[in-house]
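Chemist: model this:
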Amino acid sequence: MRVDAFDFELPERLIALRPAEPREAARLLVVDERLEDRHVGDLPALLRPDDLLVLNDTRVIPARLTGRRGDARIEATLIERLDARTWRAFARPARRLKPGDRVAFAGEFAATVELRDGAEVRLAFDLAGADFDAALERHGEMPLPPYIASRRPPDARDRGDYQTAFAVRPGAVAAPTAGLHLTSALLAKLPPHVTVTLHVGAGTFLPVTAEDTREHRMWPEYGEIGAEAAAAIARARAEGRRIVAVGTTALRLLEASDGAAFRGQVDLFITPGYRFRMIDVLLTNFHLPRSTLFMLVGAFSGLERMRAAYEHAISQGYRFYSYGDACLLTRHDAF
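Modeler: Model prediction:
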C-alpha cells in the first residue's frame, strides 16, 4: 500500500506534553461497531471478567546523555546494548566524531567512539555491569519522544511519568505507552493479566521514508515470553477467552511468536491485510500519521474505521501520542 494512505492532519495543540493526572483520568475512545467516548478508569466495565490482559513489563532506561569531546558538546541516545561495555547510539552532531575520539559524560563516565555510520555511532564505555547502570541512572535523562523533547526538556517528573507502574526489566529506550495509563489500583480492578517483555527501541520514532509499505523494514527489538505466561495465554485461547494486548508492543510480540514461549528479535511489520491470530482487543494510544503504528491499528480495526475514529478524536480534542489519551479497539473481524 502507499504510505500516504496513512496520512492525516493533526493540530499541534493536541500533542500531549504531560500525562493526565491521575493516569486513569485519560480519555478513552472505544472503537468497535460504533464510537464511544469514555475514560481509562471505565476499563473494568468495558472488559469481560474472563479476558486475559497481556502487559509489557519493559523498563525505560535514562538513555539520553550529554557529554563533551574536547570543546564540542555531544548528545548521545543509547539504542542497543551490544555487550557489557558497548552500545549503539544516535549522536548529535555525529559529524564531529570519528573512531578513537573520547566523549566524557561525567568525571567517571566516558566512552570511546569505535565506529561512526551517519548519525549512528558505536560507543565503548569505560564502565560495565552494575557500575555502568549506576552511572547511567545518575547522568542519563529519559529519552522523551522527539515531538515532546523538541518542545520542552526532560525533567524529574518524567522519571516517573514515562514509566509504567509494572516496569521491572530495564532495556527500553521508549515507553510502551498504552501501559502508562494503568495504575496499580486500576490493575487490581481489571481481569487477570500476564507480563511479557519487548524492549522498545528507538526505531519506534523513525519515520517511514518509503513510498510503499512493501519497501519498509522494521527495526528489530528484543522480546521474551516466559513459559508461565505462554501457558496462561494458551489456556485462555483453548477456553475461548479474549486476549487483550495492552499496547502495540505486546501485540507484535504475541503475533510474532504465536503466543508460545519465546526469546529473540522481533521485527514484525503489520499492515492492512495481515491476519491476526492471537489478539482480540487492543488498548493503545493515538499514533503519528504515516507511522508503522497507525498502519498496525488500521490493520487491526480496519483503516477506514480508524480514520473515522481519529477524525472524531481530533474533533473532540483528544490528546495524542505518548502522554496522550487512549483507544480500546476490537479486531475488525470480530464484529
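Chemist: okay, CA-based contacts and neighbour counts for the rest of this
Modeler: Will do.
Chemist: low-confidence ranges in this protein?
Modeler: 205, 335 (pLDDT under 70).
Chemist: those helices in it, which residues are they?
Modeler: For the chain, the helices defined by DSSP state H occupy 43-46, 129-139, 146-149, 156-161, 184-187, 227-238, 248-257, 292-301, 303-315.
Chemist: nearest residue to L198 other than its sequence neighbours?
Modeler: Computed as Cα to Cα, 6 or more residues apart in numbering, the closest residue to L198 that is not its neighbour in sequence is G223, at 4.2 Å.
Chemist: count of neighbours near the one you found?
Modeler: A count of nearby residues for G223, using other Cα atoms under 10 Å, gives 24.
Chemist: Please tell me how far it sits from T58.
Modeler: In this view, G223 and T58 are 9 Å apart by Cα to Cα, to the nearest Å.
Chemist: just to revisit the earlier point, would you convert the helices of the chain into CSV that also reports distance to F6?
Modeler: Output for these, formatted as CSV (distance: least, Cα to Cα, whole Å):
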stretch, distance to F6
helix 43-46, 28
helix 129-139, 37
helix 146-149, 19
helix 156-161, 29
helix 184-187, 33
helix 227-238, 32
helix 248-257, 17
helix 292-301, 7
helix 303-315, 8
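Chemist: what about those helices, which gets the closest to T330?
Modeler: Closest of the helices of the chain to T330 is helix 292-301, at 6.3 Å (criterion: Cα to Cα).
Chemist: Now tell me what touches that closest one from outside.
Modeler: 6, 31-32, 208, 248, 269-274, 276, 286-288, 303-307, 329-332 (Cα atoms under 8 Å, 6 or more residues apart in numbering).
Chemist: if we can go back for a sec, what do G223 and T58 both touch?
Modeler: By Cα under 8 Å, 6+ apart, the residues touching both G223 and T58 are T197, L198, H199.
Chemist: Test my guess that the second one contacts G226.
Modeler: No. With contacts defined as Cα atoms under 8 Å, L198 does not count as touching G226, sitting 11.9 Å away.
Chemist: out of the two, which sits in the more crowded spot?
Modeler: L198 (27 against 16).
Chemist: quick one: contacts for the more buried one?
Modeler: N56, D57, T58, A172, E221, Y222, G223, E224, T249, A250, L253.
Chemist: neighbours of P207, just the number please.
Modeler: Neighbour count for P207, taken as other Cα under 10 Å: 12.
Chemist: quick one: contacts for the nearest residue to it once chain neighbours are set aside?
Modeler: Computed as Cα to Cα, 6+ apart, the closest residue to P207 that is not its neighbour in sequence is S291, at 6.4 Å. Each residue near S291 by Cα under 8 Å, 6+ apart is listed here: F6, P207, V208.
Chemist: Alright, I will stop here.
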